[in-house]
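>>> Got a sequence here, can you build the structure:
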Amino acid sequence: MKKITDRLFSWASILDENAEAQARTSATMPFIFPHIALMPDAHLGLGATVGSVIPTLRAVIPAAVGVDIGCGMIAVKTQFVKSDLPSDLRMLREQIERAVPTSAGAYNNKIVATAVPRIAELEALAEEGGFDPASYVGNWRLQLGTLGSGNHFIEVSLDETDAVWLFLHSGSRGVGNRIAQRHIKVAQALMEKWWISLPDKDLAYLVEGSPEFARYIAELNWAQHFALLNREEMMDRVTRQVTEWMGAPVTELERINCHHNFTQKETHFGKSVWLSRKGAISARTGQLGLIPGSMGTASYVVEGLGNRVALESSPHGAGRIHSRSAARKKFTRAELQEAMVGIEFRDTDAFLDEIPGAYKPIDQVMEDAAELVSIRHTLRQIVNVKGD
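Numbering: from 1, shown residues only. Next up, the predicted model:
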């Protein structure tokens, strides 16, 4: 751990100077308490650094939560082992791709049975929050159970004992993005109205007790719950495909579902704060969490160590070292194929910006996180599903 300033602590051994400068700027906001914690996967983001844990008193910065509200991971440990699987995994990948819509803008053609009670739950939560999600995205119900694109994925993996795990990364899709974008703009407009000068316009904030703050928290909570149920819905579909493919029902030995882009009330260093984790997971003592690598590298099931200075948090993944455009210029299709040897995936140029070389080495990230979490399981993917 490195103390950069009195209000900024870092666990990142690999930290771009622009990301550090951005975090230094965020740490100057007057309502930060006690300090910002930079995780090992920290990298440049919108307003606030991705991989940062930001505690605030009576205020929330919408951009410090991020535009994919509630994005996170879900994993299921099955009773199957490697020897139960056939050598050709392409059919399973294609079955999963048919069952779960992938790619930006994709949605379901109909509402399936498992989604019905989840949608009802979300409708009730929206009514309680006093807003209509359809005002953001009319077909939000058809987005439940869809993956998206970018670094979102579905994987079949093996742990250190060759047990089969199902692993999935996604968030609140288009509806969550629209909610986030609206409230970032609302916060920026309020800063102008109140003549508040900011070091970065994306550090615009909402003040607790204001109607704008109340509406944001209500819609934020809804989007976070949408993201959690979205992962549950997709995982149910993936387990059904594995059941059909294996000819035997999946027995779930363990299921873990965790956010890594979210805000909630927590108590740290004796004060109640709004804790925004932008690319970080909660890592209270004994709490289970999930840290994915990039496509082609290991992922981890971890247990929190409750590090107080790190605000009981840990990294959420590998963290980018090359932007998407830079990765597309730097890497080739052949290098992507080499990185994915032994993994069943859709071989296309569309995933060049997701090549493992575009990310920090996950082994280094986990070494940096040794004070934050202990490793329960190390997972190696054998099937990877992604959207363009």
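>>> what about the stretch 1-150 of the chain, any weak spots by pLDDT?
Counting by pLDDT under 70, the stretch 1-150 of the chain contains no low-confidence residues.
>>> ranges for the helices of it?
For the stretch 1-150 of the chain, helices defined by DSSP state H, counting those that start in this stretch occupy the ranges 17-26, 62-65, 90-99, 115-129, 140-143.
>>> Those: which one's closest to P292?
For these, proximity to P292 was assessed by CB to CB; helix 90-99 is nearest, at 16.8 Å. In this view, the C-beta of every residue, glycine as well, is placed from N, C-alpha and C.
>>> Pull out the buried positions in that closest one.
By 16 or more other CB atoms under 10 Å, the buried positions in helix 90-99 come out as 92-93, 95-97, 99.
>>> residues touching A63, list them.
46-48, 184, 187, 202-204 (CB atoms under 8 Å, 6 or more residues apart in numbering).
>>> how near is it to I184?
5 Å (CB to CB, to the nearest Å).
>>> joint contacts of those two?
By CB under 8 Å, 6+ apart, the residues touching both A63 and I184 are 202, 204.
>>> out of the contacts of A63, who has the most neighbours?
Highest neighbour count within these, by other CB atoms under 10 Å: A48, with 27 neighbours.
>>> Settle this for me: it is touching T56, isn't it.
No. Contact criterion CB atoms under 8 Å: A48 and T56 do not qualify, at 10.8 Å.
>>> L38 contacts V50, correct?
No. The criterion here is CB under 8 Å, and L38 misses it with V50 at 10.0 Å.
>>> Comparing those two, which residue is more hemmed in?
Comparing L38 with V50 by other CB under 10 Å, the one with more neighbours is L38, at 30 against 24.
>>> Leaving out sequence neighbours, find the closest residue to that one.
In space, and not counting its chain neighbours, L38 is closest to S10: 4.0 Å by CB to CB, 6 or more residues apart in numbering.
>>> so who does that neighbour touch?
So S10 contacts 1-2, 4, 20, 23, 37-38, 42 (CB under 8 Å, 6+ apart).
>>> in the sheet, who's paired with it?
Per DSSP bridges, the residues bridged to S10 are K2, L38.
>>> which stretches of the stretch 201-350 of the chain form helices?
With DSSP H, counting those that start in this stretch, the ranges of helices along the stretch 201-350 of the chain come out as 211-246, 324-330, 333-339.
>>> Point out the most buried one among those.
Of these, the one with the most neighbours on average (mean count of other CB atoms under 10 Å) is helix 211-246, at a mean of 20.
>>> Hey, what's the angle from it to helix 90-99? Just curious.
If you take axes from the mean of the first three to the mean of the last three CA atoms, to 10 degrees, helix 211-246 sits at 140 degrees to helix 90-99.
>>> could you say which helix or strand contains I179?
helix 173-193 (DSSP states H and E).
>>> for that helix, packing partners?
If contacts are counted by 3 or more CB pairs under 8 Å, 6 or more residues apart in numbering; DSSP states H and E, helix 173-193 sits against helix 62-65, helix 140-143, strand 206-207, helix 211-246.
>>> And these: which comes nearest L168?
Closest approach to L168 among the helices and strands packed on helix 173-193 is made by helix 211-246 (5.7 Å; CB to CB).
>>> Report the buried residues of stretch 14-31.
By neighbour count on 16+ other CB under 10 Å, the buried set for stretch 14-31 is 14-16, 19-20, 22-27, 29, 31.
>>> which SS state does the closest residue to G342 other than its chain neighbours fall under?
Among residues not flanking G342 along the chain, I382 sits closest, at 7.4 Å (CB to CB, 6+ apart). Secondary structure assignment for I382 (DSSP: H, G, I helix; E, B strand; the rest coil): strand.
>>> can you count the residues close to I382?
By other CB under 10 Å, neighbour count at I382 equals 19.
>>> Look up how far Y300 lies from it.
I382 sits 16 Å away from Y300, going by CB to CB.
>>> Could you do H43 as well?
From H43 to Y300 the distance is 19 Å (CB to CB).
>>> swap in K185?
37 Å.
>>> who's more crowded, these two?
Of the pair K185 and Y300, Y300 is the one with more neighbours under other CB under 10 Å, namely 24 against 12.
>>> check contacts around the more buried one.
By CB under 8 Å, 6+ apart, the neighbours of Y300 are 290-293, 362, 366, 375-379.
>>> Of those, grab the buried ones for PyMOL.
Applied in PyMOL, the following selects the buried portion of those according to 16+ other CB under 10 Å:
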select buried, resi 290+291+292+293+362+366+377+378+379
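>>> Check whether S299 really touches S157, as I assumed.
Yes. At 6.6 Å, S299 counts as touching S157 under the criterion of CB under 8 Å.
>>> Of the two, which one has the most company?
Per other CB under 10 Å, whichever of S299 and S157 has more neighbours is S299, with 27 against 24.
>>> and the more buried one, what does it touch?
155, 157, 167, 290-293, 362, 378-379, 381.
>>> Can you tell me who it pairs with across the strands?
Counting by DSSP bridges, S299 is bridged to L379.
>>> Against I382, how distant is it?
Using CB to CB, S299 is found at 12 Å from I382.
>>> same deal with L352?
Distance of L352 to I382, given as CB to CB: 21 Å.
>>> try A318
19 Å.
>>> Likewise for K278?
Taking CB to CB, one finds K278 at 31 Å from I382.
>>> what do you get for A339?
A339 is 14 Å from I382, by CB to CB.
>>> go on, S10?
The gap separating S10 from I382 is 35 Å, by CB to CB.
>>> same thing with M340?
M340 is 11 Å from I382, where distance means CB to CB.
>>> now H316
23 Å.
>>> hang on, the earlier thing: JSON lines for the helices of the stretch 201-350 of the chain, including mean pLDDT and distance to V309?
Formatted as JSON lines, the helices of the stretch 201-350 of the chain follow (pLDDT from 0 to 100; distance: least, CB to CB, whole Å):
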{"stretch": "helix 211-246", "mean pLDDT": "97", "distance to V309": "26"}
{"stretch": "helix 324-330", "mean pLDDT": "92", "distance to V309": "33"}
{"stretch": "helix 333-339", "mean pLDDT": "92", "distance to V309": "35"}
